[in-house]
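coords please:
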Amino acid sequence: MNALTARLLSLVNRVRDQRRGRIARLVEVQSFGATTKLAVVQFAGRTLLLSVSREGIALIASDLPS
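Okay, here's the model as predicted:
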């Protein structure tokens, strides 16, 4: 597991610990280059597409209406 994946999993685990339930689930991670990943996360009943890089985590798309 590389540092970016570990960072994303850490974030998900912190959220889970705060609520004492499983509200976040990492569905899939796809690597794009050495430092960037796309992650599909289910969070509180929503599906999110996140960009994860050294600079941080950004929301790319979600199943929420625009």
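
Just name the shakiest helix or strand of the protein by mean pLDDT.
helix 3-19 (a mean of 70; mean pLDDT, DSSP states H and E).

and the helix or strand following that one, what does it pack onto?
Toward the C-terminal end, the helix or strand that comes next after helix 3-19 (DSSP states H and E) is strand 24-31. Packed against strand 24-31 by the contact rule (3 or more Cβ pairs under 8 Å, 6 or more residues apart in numbering; DSSP states H and E) you find helix 3-19, strand 37-43. C-beta: built from backbone N, CA, C; applies to glycine.

would JSON lines of those with distance to Leu50 and mean neighbour count be doable?
Putting these into JSON lines (distance: least, Cβ to Cβ, whole Å; neighbours: other Cβ atoms under 10 Å) gives the following:
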{"stretch": "helix 3-19", "distance to Leu50": "7", "mean neighbour count": "13"}
{"stretch": "strand 37-43", "distance to Leu50": "5", "mean neighbour count": "18"}
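
Tabulate those (JSON lines), appending distance to Ala61.
As requested, these are exported to JSON lines (distance: least, Cβ to Cβ, whole Å):
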{"stretch": "helix 3-19", "distance to Ala61": "16"}
{"stretch": "strand 37-43", "distance to Ala61": "10"}
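
Compare these and give me the one nearest Glu28.
When the helices and strands packed on strand 24-31 are compared for distance to Glu28 using Cβ to Cβ, the nearest one is strand 37-43, at 4.7 Å.
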